[in-house]
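Student: Dropping the sequence and predicted coords here.
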Amino acid sequence: VKTEVGIIGAGPAGLMLARILQQHGIDTVILERRSRAYVLGRIRAGVLEHGTVETLKAYGVGERLKREGIPIKSMQIRWNGEKHDTSIVDESGRHLTTYGQAKVVRDLIEQREADGLPIRFEAAVERLDDLEDAPKIRFVADGAAQTLECQFVAGCDGYHGVSRGYIPDAAAQSHLRDYPFAWFGILAEAAPHPDMRGFAHSTRGLAVASARSESIGRLYLQVPPDFDVNAMSDEDVWDELDRRMDDGSGQRLNRGRITERNRARLRGFVCEAMQHGRLLIAGDAAHIVPPSGAKGLNLAIGDARVMAEALRGRLRANDDRIYADYTAICLRRIWPTVAWSCQMSDTLHMFPDQSSFTTQMQYQNLNHWMHTETGQRRFRTAMLGLPYEI
Ligand code: FAS
């Protein structure tokens, strides 16, 4: 099988890249290890930056998003038994939008299938050869070893993918910070309460309450890294969420049946080597952010935009400037976004054996973000997302 760009991974990065390249008439094949049902069923991110929404709309996959996306125009943070609220709408009216990653992925997959373009599910990439001049992607599908010949390889295969391993100095240029806790996430048939959302810093640990739709809540508890997601009954989970979200108002969360439980490690990771020969990597394959800043999916879309422009330059305009500069361009958006996500994580979580002094420092940070003019501006621009260079 031959194509111009072989894309490994049908997550937000790979799917968005394929869609943008399609608009430039560039042929792609997507190889995805998991089944179609598995990919569509994965529950992950839920908050889209303004830029992500505009990108999806610009490339013709924003119809359902326009209908079902829920605008987020203010953020609530609770700490020390009080609720604080701040607008995150900026002077040009930009705001965040709640729209599950599963819907973004579904919209992109259904569009690709409607266009009759190749996407191979249950096709596991095992090896990459000849990345310098005539790349070959070796994969297994239908029990048979197969090869996809292409001019460029897009490694959009996530943190545990294979592609980063083909960048010689990736390990030497990687930076990792593991947090000593995880997030226990639930999906529940409980209409999100408009007054009970956002982050709650509490001495028992962080809680997060967000919406997936008008009737589905997405909520999280900070837990130890090895937490057993089935250890607590639904009642216990709701009681713990209410304890941590308590702001003295007597207001409680709307409760309902918990339909999904998962646990996500918190780590910050950046690989500063994002290309080698005719291989470029994007998204979680190159970086991981703690979900506190709701940035993972949004960074993946940003990388896909740059990679599409780099490949268009090489394949259609005989211009390799962006290609040559791909890593540096992506890193200018990745590092500040990772830094923000880590600042949010450092401020909102309780660390093992944390002193009361550190807790007071966290309160000062939160107060700065919620109640000072410069802090609110910093918080708003960080949450809304950096502008795109490309
Ligand atoms: P993805 O991991 O989404 O996609 C990579 C794809 O490559 C996968 O489909 C995988 O099956 C495939 N693949 C891997 N190896 C392969 C191989 N060898 N051959 C073929 N295919 C292969 N981000 C937020 O912003 N907010 C959140 O609330 C949030 N919650 C999260 C919760 C969980 C449990 C997890 C794991 C992540 C969460 N994230 C969140 C981060 C997440 O949204 C990622 O940032 C986002 O999926 C990144 O997209 P991709 O880079 O496309 O990687």
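Tutor: All right, it came through fine.
Student: For the chain, which residues are neighbours of the ligand?
Tutor: 8-14, 31-34, 39, 44-46, 101, 124-125, 156-158, 161-162, 262, 264, 283-284, 291, 294-297, 300 (C-beta under 6 Å from any ligand atom). C-beta here means a position set from N, CA and C on the backbone, and glycine is covered the same way.
Student: Show me just the buried residues among those residues.
Tutor: 8-14, 31-34, 39, 44-46, 101, 124-125, 156-158, 161-162, 283-284, 291, 294-297, 300 (16 or more other C-beta atoms under 10 Å).
Student: ok so, going back, which of the residues of the chain next to the ligand fall in helices?
Tutor: P12, A13, G14, V39, Q101, G296, L297, A300 (DSSP state H).
Student: of all those, which comes closest to W340?
Tutor: G296 (12.4 Å; C-beta to C-beta).
Student: Scan this protein for its longest helix.
Tutor: The chain, longest helix under DSSP H: helix 321-348.
Student: ok now that helix, how far from the chain's centre?
Tutor: 13 Å (C-alpha atoms, centre = their mean, to the nearest Å).
Student: what's the helix or strand encompassing R106 packed up against?
Tutor: Assigned by DSSP states H and E, R106 belongs to helix 101-114. When contacts are defined as 3 or more C-beta pairs under 8 Å, 6 or more residues apart in numbering; DSSP states H and E, helix 101-114 sits against helix 12-23, helix 36-41, helix 63-68, strand 119-120.
Student: one more time with 6 Å, if that's ok
Tutor: helix 12-23 (3 or more C-beta pairs under 6 Å, 6 or more residues apart in numbering; DSSP states H and E).
Student: Do me a favour and average the pLDDT over the helix it packs on.
Tutor: The predicted model assigns helix 12-23 a mean pLDDT of 98.
Student: Okay, buried residues for it please.
Tutor: So for helix 12-23, counting by 16+ other C-beta under 10 Å, buried means P12, A13, G14, L15, M16, L17, A18, R19, I20, L21, Q22.
Student: do stretch 225-233 as well
Tutor: F227, V229, M232.
Student: Pick out the residue of the stretch 101-250 of the chain closest to the ligand.
Tutor: G158 (2.9 Å; C-beta to the nearest ligand atom).
Student: Can you tell me which of the buried residues of stretch 225-233 end up in helices?
Tutor: Among the buried residues of stretch 225-233, no member lies in helices (by DSSP H).
Student: Could you dump the residues you listed into a markdown table with pLDDT added?
Tutor: Formatted as a markdown table, those follow (pLDDT from 0 to 100):
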| residue | pLDDT |
| --- | --- |
| F227 | 98 |
| V229 | 98 |
| M232 | 97 |
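Student: What is the nearest of those residues to N365?
Tutor: F227 (25.9 Å).
Student: Could you list the low-pLDDT ranges of this structure?
Tutor: Applying pLDDT under 70 to the chain picks out no residues at all.
Student: A124 touches S35, doesn't it?
Tutor: No: applying C-beta atoms under 6 Å as the test, A124 and S35 come out as separate, 11.2 Å apart.
Student: and the gap between R34 and L366?
Tutor: 39 Å (C-beta to C-beta, to the nearest Å).
Student: Tell me which stretches of the stretch 251-390 of the chain form strands.
Tutor: 258-271, 275-276, 279-281, 287-288 (DSSP state E, counting those that start in this stretch).
Student: helices or strands up against the longest one?
Tutor: If I follow you right, that is strand 258-271. Short answer (3+ C-beta pairs under 6 Å, 6+ apart): strand 258-271 packs on strand 174-188, strand 287-288, helix 321-348.
Student: again with the last one
Tutor: For strand 287-288, the elements it packs on are strand 258-271, judged by 3+ C-beta pairs under 6 Å, 6+ apart.
Student: again, only this time at 10 Å
Tutor: When contacts are defined as 3 or more C-beta pairs under 10 Å, 6 or more residues apart in numbering; DSSP states H and E, strand 287-288 sits against strand 174-188, strand 258-271, helix 296-316, helix 321-348.
Student: Good, wrapping up.
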